[in-house]
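Student: A predicted structure for the sequence below; I have some questions about it.
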Amino acid sequence: MKSEDKSRQTNFNRFAVLPWLRASLCMATMLLALPALGQGSPVLTHHVREAVANGQAQMLGRLPATQSMHFDIVLPLRDRTGLETFLSQVQDPASPQFRHFLTPEEFTERFGPSQEEWDALVAFAKANGFETVSGSRDAMDLRLIGPVANMEQAFHVTLGVYQHPTENRTFFAPDREPTVDLPFQLWHISGLDNYSIPRPLLHNQRDSAKTSGIHPEDHDTGSGPQSYYLGSDMRAAYCGEGCLFTDGLGQNIALFEFAGYDLADLNTYYSNVGQTRTTPVKGISTDGTSLTCVYSGKKKCDDGEQILDMTQALGMAPGVKALYVYVGSTDTAIISAMTATTDAPLSMQISCSWGWGPADPGTLDPYFEKMASQGQTFFSASGDNSTWTESGVAEAWPADDAYVVSVGGTELTTSGPGGSWKSEPAWPDSGGGVSPDSIPIPSWQQIPGVIHSSNGGSTTLRNGPDVSANAVGFYQCWNQDGCGHAWGTSASAPMWAGFMALVNQYAVTLGEGTIGFLNPPLYDHIGTSSSYHSDLHDITSIASGGISGKYPAVAGYDLVTGWGSPNGINLIAALALPSSCSYGRPGEILQSGGSIKSCDGRFTLDMQASDGNLVLYWKGHGALWASNTEGNPGAYAVMQDDGNFVVYSTQKKALWNSVTSGNPGAFLELQDDGNLVVYNPGRQALWNSETCCH
């Protein structure tokens, strides 16, 4: 979006005081110049497009007074400071609140609008002649339909028709900031303009186009027609044998969509590739928007993005309980429904592959923060036009919001159809960079080692993306008009949502509960840890061709691919297993002199520096078990990726092992009963120290 559209930007830390003052002066000037339409409480977010305010967009007339409009009124949070304190606690492994997420009802009671505010809003809508479509106090919004004349009177605005300054079309928008006759301020009113039309971040072509030489990637090694990748190929490459125990069982995935879909296209995909879909797809219209998308008639609806999102999410996590597709006409109507349980159970992993430019980039922050408090993660495609810009096709939003996981793109090569990961440079068109919306840098990007001179990131503004995955060479069917090739980070985001379902299933299986918002542990406990290269594929080069942007792909975090792509069960286990006590994760090294403690603090596994013996101690009682590797000072232990727990000498000679190789993703746990156990990902014991029951 253009920088001038951010004059009253809000962020997840605080309100920007000076932009508020500037916007207020601007609004006061307009009110003096126009006939008085009434007084009321100002809305807390920005609504007037700069092209309207400065006259760049020529006014051509007004919307017809009787035209019916869909719009959404959003109530503000209560105690936002308290919410931010809660978020810092729920994401801190050392806090008693760690991963103790709120239900939507609990969130409402602590931080949502009061019952009195909700009742007043409902009465306000009724008094102004609006028809209620949906919404709830838990969702913090009321979704409505009403004529233009009633909207102009209720919000004290004129809804004009303008010539778009950069696109060959007209748009409607308010001429001033809305106010309302309520005893409190509203957060936002969505649906007052269509200056920025949401666009899917997808590129595709029919098979017939290949005869004309149009085929951006010719190195595909997938198992689909013409060697295109299927969603199942991504599961094989990024998860491999370790995912035999994880398929998303018990989890839900949600998709954020601005248009409906035709399930016939999804069924064609599965039929053509010889696979069976067992997960139900359930559509939810959040504001009356049609769930049907058919490419025929006067208004042709393209479901290419929606079907690609489905195949990638289900390809990675084929066993999820349900795939919910939330469809709406405004961003707040869609996201608010995703944070409540009115229409469906909460989905802990959500994907969005659309881009648009809101008048205020802080509009959705209360919902993103609410998601984090409820343990939900919102994945957003970072875009397909390389380095982010303030406007045009390379706009960043919502991928540069602080409370989303921004997903970039790579060019993956596998060992063959359904094969393992082989190589992976960055896709040169992968969106990323420094937030053009001036969103402040979040705390997890301020950790030492994240931003440095090599990656060129900002120390004051949000950087993106956070992670990445393959973005090229996908098989797709759409619009009941054949199948072909698709590409873009719009495939990478739902792929990561599917991967997150595997993580959460694994964590629940271990009794840990879902892990919550991904970015804090990703940066603090994975990216900057010694196990980083075991948990993620570090992307350090950029493929040839494409747009090629401003930033390089470097070791560690960068502004092209973030921390890189997932490395299967290692990353799943590293995220699912808290690092505060008791666990040895896949790939983790217990250094000489290091130790692991049981969560109750009674038992300690010491890698003794003086003699190289690995010893399990019971506090106050002495040694319970030892590896008997004394005489090797400086020895260390490794919970290997192959499932074997090994003690090595300083010359890297194996001194002792658990004889559990062949079990990728296995982990070590020092239990509160005193038993030291190596478990496989299905939590079956492979080896134990036989010291239980203390």
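Tutor: Thanks, I have the structure now. Residues are numbered from 1 along each chain as shown.

Student: now do stretch 466-473, average pLDDT.
Tutor: Average pLDDT, stretch 466-473: 96.

Student: put the alpha carbons of it into PDB.
Tutor: Taking C-alpha atoms only, stretch 466-473 is exported to PDB below (Å, rounded to 0.1, in the frame of the first residue of the first chain):
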ATOM      1  CA  ASP A 466      10.100 -15.900   8.400                       C
ATOM      2  CA  VAL A 467      10.300 -19.300   6.700                       C
ATOM      3  CA  SER A 468      10.000 -20.600   3.200                       C
ATOM      4  CA  ALA A 469       9.000 -23.700   1.100                       C
ATOM      5  CA  ASN A 470       8.900 -24.700  -2.500                       C
ATOM      6  CA  ALA A 471       7.000 -22.300  -4.700                       C
ATOM      7  CA  VAL A 472       7.400 -23.800  -8.200                       C
ATOM      8  CA  GLY A 473       6.300 -26.700 -10.400                       C
END
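
Student: buried ones in it?
Tutor: 466, 467, 468, 469, 470, 471, 472, 473 (16 or more other CB atoms under 10 Å). Every C-beta, even on glycine, is put in place using the N, C-alpha and C of the backbone.

Student: and stretch 635-652, how far apart are its ends?
Tutor: 9 Å (CA to CA, to the nearest Å).

Student: sec struct for residue 119, please.
Tutor: helix (DSSP: H, G, I helix; E, B strand; the rest coil).

Student: state the distance from it to residue 236.
Tutor: 53 Å (CB to CB, to the nearest Å).

Student: ok, these two, which is more surrounded?
Tutor: Neighbour count, other CB atoms under 10 Å: between residue 119 and residue 236, residue 236 has more, with 24 against 12.

Student: show me where the stretch 101-250 of the chain has strands.
Tutor: Secondary structure of the stretch 101-250 of the chain (DSSP state E, counting those that start in this stretch): strands located at 131-136, 141-147, 159-163, 170-174, 179-180, 188-190, 199-200, 203-206.

Student: same thing with the stretch 551-694 of the chain?
Tutor: 565-566, 583-584, 589-590, 595-597, 603-607, 614-618, 622-626, 636-639, 645-648, 654-657, 667-670, 676-679, 685-688.

Student: so for residue 269, which of these sits nearest?
Tutor: For those, proximity to residue 269 was assessed by CB to CB; strand 565-566 is nearest, at 23.2 Å.

Student: need phi/psi at the residue nearest to the spatial centre of the chain.
Tutor: For the chain, the residue sitting closest to the mean C-alpha position, by CA atoms, centre = their mean, is residue 379 at 1.8 Å. Taking degrees, to the nearest 10, you get phi -100, psi 130 for the backbone angles of residue 379.

Student: show me what it is bridged to.
Tutor: residue 351, residue 405 (DSSP bridges).

Student: next up, the contacts around it.
Tutor: By CB atoms under 8 Å, 6 or more residues apart in numbering, the contact set of residue 379 is 349, 350, 351, 352, 404, 405, 407, 493, 494, 496, 497, 500.

Student: low-confidence stretches in the stretch 151-300 of the chain?
Tutor: 205-219, 297 (pLDDT under 70).

Student: just the CA trace of stretch 475-491, in PDB.
Tutor: C-alpha atoms of stretch 475-491 as PDB (Å, rounded to 0.1, in the frame of the first residue of the first chain):
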ATOM      1  CA  TYR A 475       0.100 -29.700 -10.600                       C
ATOM      2  CA  GLN A 476      -3.300 -28.000 -10.400                       C
ATOM      3  CA  CYS A 477      -6.800 -28.300 -11.700                       C
ATOM      4  CA  TRP A 478      -9.200 -25.300 -11.700                       C
ATOM      5  CA  ASN A 479     -12.300 -23.800 -13.200                       C
ATOM      6  CA  GLN A 480     -13.400 -27.200 -14.600                       C
ATOM      7  CA  ASP A 481     -11.400 -26.400 -17.700                       C
ATOM      8  CA  GLY A 482      -8.500 -28.800 -17.500                       C
ATOM      9  CA  CYS A 483      -5.300 -28.900 -15.400                       C
ATOM     10  CA  GLY A 484      -1.800 -27.500 -15.600                       C
ATOM     11  CA  HIS A 485       1.000 -25.900 -13.800                       C
ATOM     12  CA  ALA A 486       0.900 -23.500 -10.900                       C
ATOM     13  CA  TRP A 487       3.500 -21.600  -9.000                       C
ATOM     14  CA  GLY A 488       4.000 -18.900  -6.300                       C
ATOM     15  CA  THR A 489       4.300 -18.500  -2.600                       C
ATOM     16  CA  SER A 490       0.600 -19.000  -2.500                       C
ATOM     17  CA  ALA A 491       1.500 -22.700  -2.500                       C
END
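
Student: in it, which residues are buried?
Tutor: 475-479, 483-491.

Student: please apply the same query to stretch 623-633.
Tutor: Under the neighbour-count rule (16+ other CB under 10 Å), stretch 623-633 has 624, 625, 626, 627, 629, 630, 632 buried.

Student: now the terminal residues of it, how far apart.
Tutor: 19 Å.

Student: from the chain's centroid, how far away is that stretch?
Tutor: 45 Å (CA atoms, centre = their mean, to the nearest Å).
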